[in-house]
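> give me a model of this one.
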Amino acid sequence: MAEKARAALEHILHWMRETGFDYATDLVAALVILAAGACAIKVLSSLLRKGLNRADGRHALAVRFIVSVIVKSAWAVLIVVVLGKLGVNVGPLIAGLGVTGFILGFAFQESLGSLASGLMIALNEPFKVGDYVAVGGYEGTVLQLDMMAVTLATPDNRRITIPNKSAWGTPIVNYSALPLRRVDLTMGISYDTSIPHARETALAALAAV
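All right, here's what the predicted structure looks like:
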């Protein structure tokens, strides 16, 4: 029994001399890289938000999306670097993630299309919350706008959610974009009515509105 214990101890000591020190060094280095990378990503996220908001504060939705993509990408790179430092073969992992991404992209192509369209809407800003618009074959006041869908409240008190892919793929009419808008009205009058009198009556009625 003592011989087995001595052999096991010698095996452990041999491993520590040959491999353990290097492994411990790599582990410490990986932890340092992880901590430093996490701090750098946090600072980068804060700087990006401040910089993009300062450039154009209107595009808050696009700013949040862009910052989110950059931060998640930075985390993915950091994790790959840390795993590589620990001696993990990240080649198959990256290849597997690529295949998985392709499969998910094919399966969720409609959702990805709405996401891309949402980014285009956020960057171009054809309308904002509170505007009265005609979009995707519907008319109403914009209640909510996110990266996936536009939500309208119609004049007859219906709530309609339109995928951004449908909204961006059709003509968009914003009735609230300009302070003044011409409205054409057709009014019938009898043949014996004085046209100047009818005109004055119509203008007076409009002025009273």
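> quick check: domain ranges of this protein?
In terms of domains, the chain is parsed into 2-107, 126-174 (source: automatic domain parsing).
> now the shortest one: average pLDDT?
Same thing as domain 126-174. Domain 126-174 comes out with an average pLDDT of 89.
> endpoints of that domain, how far apart?
End-to-end distance for domain 126-174, by Cα to Cα, to the nearest Å: 7 Å.
> gap between it and the chain center?
How far domain 126-174 lies from its chain's middle: 17 Å, per Cα atoms, centre = their mean, to the nearest Å.
> quickly list what residue 150 is bridged to.
residue 145, residue 162 (DSSP bridges).
> buried residues, the longest helix seen in the chain. List them.
For the chain, the helix that runs over the most residues, judged by DSSP state H, is helix 21-55. Buried residues in helix 21-55, counted by 16 or more other Cβ atoms under 10 Å: 30, 33, 37, 41, 49, 52. C-beta coordinates here come from the backbone N, C-alpha and C atoms, glycine included.
> helices or strands up against that helix?
Contact analysis of helix 21-55 by 3 or more Cβ pairs under 8 Å, 6 or more residues apart in numbering; DSSP states H and E lists helix 60-85 as its packing neighbours.
> run the angle between the helix it packs on and helix 21-55 for me.
170 degrees (axes from the mean of the first three to the mean of the last three Cα atoms, to 10 degrees).
> dump the residue contacts of the residue nearest to residue 169 when sequence neighbours are not counted.
Nearest non-adjacent residue to residue 169, counting by Cβ to Cβ, 6 or more residues apart in numbering: residue 117, 7.1 Å away. Residues in contact with residue 117 (Cβ atoms under 8 Å, 6 or more residues apart in numbering) are 163-165, 167-169.
> fine, thanks again, bye for now.
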